[in-house]
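Undergrad: Sequence and computational prediction follow.
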Amino acid sequence: MPASGSDRAYRLLAGSFFLVLVLVYYLPSLCWLPRGIHAWAQADRLALAFGFYDHGLNFFRPHTLTLSSIDEVAGVEFPLLPYLAALGAKVLGRGAVVPLYRLLTGATAWLAYYYLFRLVFERTRQVAAALVPGVFLAASPVFAYYAGNFLPDPVGAALVVVAAYYLLRYQLTHRFGDLAGAIALFTLAALIKVSTGIYLIAALGTFLLWAYLQPAALTLRQRKLLLLLAGASLGAVVSYTFYNQYLNQTYNSDLFLAEPRPLTTMAEYDMVMRRIRESWSHEYFMPFQYQVLVASLLVCVVSLGRVLRTEWIWAAQLGLATVGGLLFFKLMGAQFFHHDYYVIAPFWPGLVLLVALGITQLALRLGRLPRLARHFLFGGVVLGLLIPGLRKYRARMSDSYLPFSADYNYRWMQGGAARLAAAGVPTSATILLVGDGAPNLGLIYFDRRGLVWNPDRNQLPPSALVQKMTEVGLDYLIMNQAVFQEMRARYPDLLTTFSSFIATGQYVVLKPPYLAPHW
């Protein structure tokens with residue numbers, strides 16, 4: 001389906017529009033370390049990139065900064081993004097890890113926006129209408145926030161959207177290459193974020209059943225290739241999942257969750273749903289987005305006959321994705337209480353594809369209206385999504401975003417690495433951070449390997465600190481000022497056991513009564 005000159009111009013226009021949108025969103029925070037909501041999870045993923053950089057770019061032996069596992073190795077979903085960030089930093093320098101990582105995740109978001117445009121435009125030839133789904137996704141507070149940092153969830157979701165484009169294009173072109181490319185992209189998405197696997201299974205299930213019921217739809221060679229692709233795809237995802245578990249068991253790592261967390265009682269279900277209703281639902285979408293979702297669903301219902309005749313693959317993917325999403329919630333429901341980003345990979349591709357289908361059907365129904373009227377209608381939807389979306393994103397990225405910012409725990413660590421370097425602490429030195437819970441967040445801000453320890457401070461005399469540091473082989477002890485003042489009041493011998501090395505208004509760095517051997 002060769003593109004005309006005007007089609008290419010519209011694609012370029014849309015690509016440029018979304019590129020500017022991505023730059024407006026993410027350029028100001030390009031060099032920021034993890035911060036804001038779930039800085040803990042962000043730091044764990046960023047630590048993988050530093051681990052690759054520091055340990056020789058062994059893709060199948062991911063490291064972080066925490067010494068809580070053997071050799072700092074951790075089993076994790078296919079770590080392609082942190083690996084690429086570290087690889088680029090080998091050329092540009094270690095300081096490029098953070099901006100490269102953010103550029104990579106932002107680039108995948110751009111791909112999703114652009115291919116959503118193409119998905120609608122190639123069916124409607126209406127530019128304003130085709131912009132709506134990409135802007136809808138970009139305006140989602142939870143997607144926009146994580147698409148600009150270090151988590152794999154929006155990356156997996158974005159790749160699913162691109163894969164869906166090629167899957168649905170196959171219905172128009174009947175080129176087997178489109179189907180093969182879609183399966184490859186679905187597989188990559190499932191490797192990067194396993195919860196997107198529901199879309200891989202939906203696509204494979206749809207086409208395998210179709211090939212069985214309609215033998216003439218594919219040649220014998222294509223059916224064999226489809227079976228081979230399905231086996232290789234599922235085999236790759238399952239094999240890497242087992243390898244992930246092997247790493248966790250071999251190196252005694254539990255940093256990245258690798259087990260089900262179902263809701264076991266009705267009380268737990270009610271608690272999670274109340275949390276979603278009262279808190280997270282405002283971070284998932286804005287009010288106008290919920291209206292667009294409902295309107296899209298209604299348009300699809302009204303147009304169901306046409307959808308089943310002309311876009312049955314699209315409809316099948318949405319139906320199967322709904323079933324898969326519900327099963328995922330049953331499997332991992334407990335995680336939805338604390339983590340807003342858990343919805344992105346399993347649910348957001350399906351929801352944005354629902355919007356795209358609804359917009360496509362509406363644009364076709366309104367095709368007889370004057371072009372200016374259609375542009376005015378869909379352009380108004382774009383602006384109604386974009387302006388509040390950008391405002392919400394900037395609010396969420398600010399240092400004061402109540403009620404969530406009351407729990408931000410990165411502020412006291414800021415500038416820590418520069419202060420250690422100014423005091424002559426070598427980058428090979430290791431640190432013990434007491435009083436924090438995030439395994440890698442403080443280690444990233446102080447840019448040192450080490451251990452984060454948060455035991456009961458009522459049972460933590462200086463001798464226990466010395467013993468812990470001796471066992472692990474740690475050079476410096478770091479506490480924020482609140483923890484330090486509490487410890488000093490409770491244990492008067494703290495500063496006779498340790499010597500003060502650095503003291504700021506935010507934290508103290510103490511030296512133990514020995515010189516630890518460097519790792």
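TA: Cool, got the structure.
Undergrad: show me where the stretch 351-500 of the chain has helices.
TA: With helices called from DSSP state H, counting those that start in this stretch, the stretch 351-500 of the chain shows them at 371-397, 416-422, 441-446, 462-472, 481-490, 494-497.
Undergrad: Of all the ones you listed, which one is nearest Leu27?
TA: With C-beta to C-beta as the criterion, Leu27 lies closest to helix 371-397 of these, at 12.0 Å. Where you see a C-beta, it was placed from the backbone N, CA and C, and this is true even at glycine.
Undergrad: list the buried ones in the closest one?
TA: Neighbour-count burial for helix 371-397, counted by 16 or more other C-beta atoms under 10 Å, picks out 374-375, 378-379, 381-382, 384-386, 388-390, 392-393, 396-397.
Undergrad: Go through those and name the one nearest Arg223.
TA: For the buried residues of helix 371-397, the nearest to Arg223 is Phe378 (40.6 Å; C-beta to C-beta).
Undergrad: burial count for Gln291?
TA: Applying other C-beta atoms under 10 Å, we find 13 residues neighbouring Gln291.
Undergrad: Would you mark the buried spots in the lengthiest helix in the chain?
TA: Taking DSSP state H as the criterion, the chain has its longest helix at helix 220-250. Within helix 220-250, the residues that qualify as buried are 223, 226, 229-230, 233-234, 236-237, 240-241, 244, 247-248, counting by 16+ other C-beta under 10 Å.
Undergrad: ditto for stretch 102-115
TA: Within stretch 102-115, the residues scored as buried using 16+ other C-beta under 10 Å are 102-106, 108-115.
Undergrad: repeat for stretch 30-45
TA: Applying 16+ other C-beta under 10 Å to stretch 30-45 flags 32-45 as buried.
Undergrad: and the two most separated of these?
TA: Longest span within these, C-beta to C-beta: Trp32 and Asp44, 16.2 Å.
Undergrad: tell me how far the longest helix of the chain is from the chain's mean position?
TA: Distance of helix 220-250 from the chain centroid (C-alpha atoms, centre = their mean, to the nearest Å) equals 22 Å.
Undergrad: What mean pLDDT does whichever helix or strand comes after that helix get?
TA: Downstream of helix 220-250, the next assigned helix or strand under DSSP states H and E is helix 266-275. Averaged across helix 266-275, pLDDT comes to 96.
Undergrad: which residues touch helix 266-275?
TA: For helix 266-275, the external contacting residues (C-beta atoms under 8 Å, 6 or more residues apart in numbering) are 263, 333-334, 336-337.
Undergrad: Export it to CSV, keeping only CA atoms.
TA: Taking Å, rounded to 0.1, in the frame of the first residue of the first chain, the C-alpha atoms of helix 266-275 are listed here in CSV:
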residue,chain,number,x,y,z
MET,A,266,-13.0,-9.7,49.6
ALA,A,267,-11.7,-7.2,52.1
GLU,A,268,-8.4,-6.9,50.1
TYR,A,269,-10.4,-6.4,46.9
ASP,A,270,-12.5,-3.7,48.5
MET,A,271,-9.4,-2.0,49.8
VAL,A,272,-7.7,-2.0,46.4
MET,A,273,-10.8,-0.8,44.6
ARG,A,274,-11.2,2.0,47.1
ARG,A,275,-7.6,3.1,46.6
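Undergrad: For it, buried residues please.
TA: Buried, per 16+ other C-beta under 10 Å, within helix 266-275: Val272.
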